[in-house]
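*Asks:* Requesting a structural model of the entry that follows:
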Amino acid sequence: MLSVMVIPSVTLKNTSRTVNALALPVGLSRIRLWIDVSQMVSADQWFTYTFELSLDGGTTWGLLIGGTRTGTIAINPKTQTVMTQAGVEIGLPEPANTLRRVRGSLRVTGTVPLSVLLEAV
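*Replies:* You can find the predicted model right below:
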C-alpha cells in the first residue's frame, strides 16, 4: 500500500515547497492527503496546497485538489478533542493506467510546523 511522506516534519516560514511527481500504483482508486496542523494555532499562520494529476506519464497535468487552511485550534465536535491533522480523501480516475502521476505544491505564510503524508485508502 502506498504511503509517502512527501514533506517530512519541518518548520516552514514564508516559503513554498514542491512535491515532485510520484507514480501511482495500478489499481489505486483513492488517496488521502494528511497535513499535521497540531502547531497551527494562530490566524497569522496559513498554507495553500495544490495537487495535480497526470494520466499520460507527466506530459500534461490537471488539478486534482487544492485548498487553504488558516491557523486555528479546531475541536472535533464528536470527541471534543483538539484536531491535530487536516485531511482530504480523493478519488482517482483510471485505476488500470500505468502512466498516472501526482505532484503538488505547498505555500506557507507565517511560521508553520507541519508534515504532509500521501497514503492509499
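*Asks:* distance between the ends of stretch 87-95?
*Replies:* Start to finish, the residues bounding stretch 87-95 are 22 Å apart (Cα to Cα, to the nearest Å).
*Asks:* Please apply the same query to stretch 66-74.
*Replies:* Start-to-end, stretch 66-74 (Cα to Cα) is 20 Å.
*Asks:* Next, P93: phi, psi?
*Replies:* When quoted as degrees, to the nearest 10, the phi and psi of P93 stand at phi -80, psi 160.
*Asks:* Report the beta-bridge partners for the residue nearest the centre of the chain.
*Replies:* Centroid-nearest residue in the chain: L33, 4.1 Å away (criterion: Cα atoms, centre = their mean). Beta-bridge pairing for L33 (DSSP bridges): V88, L118.
*Asks:* so it touches L106, yeah?
*Replies:* No: the pair L33 / L106 is not scored as a contact, 10.5 Å apart, by Cβ atoms under 8 Å. C-betas here are computed from N, CA, C, even on glycine.
*Asks:* In the protein, where is pLDDT below threshold?
*Replies:* 1-2, 121 (pLDDT under 70).
*Asks:* now the strands: where do they sit in it?
*Replies:* With strands called from DSSP state E, the chain shows them at 3-23, 30-36, 46-54, 62-70, 85-91, 101-120.
*Asks:* Save those as JSON lines, and put in distance to K78 too.
*Replies:* Formatted as JSON lines, the strands of the chain follow (distance: least, Cβ to Cβ, whole Å):
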{"stretch": "strand 3-23", "distance to K78": "26"}
{"stretch": "strand 30-36", "distance to K78": "18"}
{"stretch": "strand 46-54", "distance to K78": "25"}
{"stretch": "strand 62-70", "distance to K78": "20"}
{"stretch": "strand 85-91", "distance to K78": "15"}
{"stretch": "strand 101-120", "distance to K78": "22"}
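*Asks:* Sweet, I'm off.
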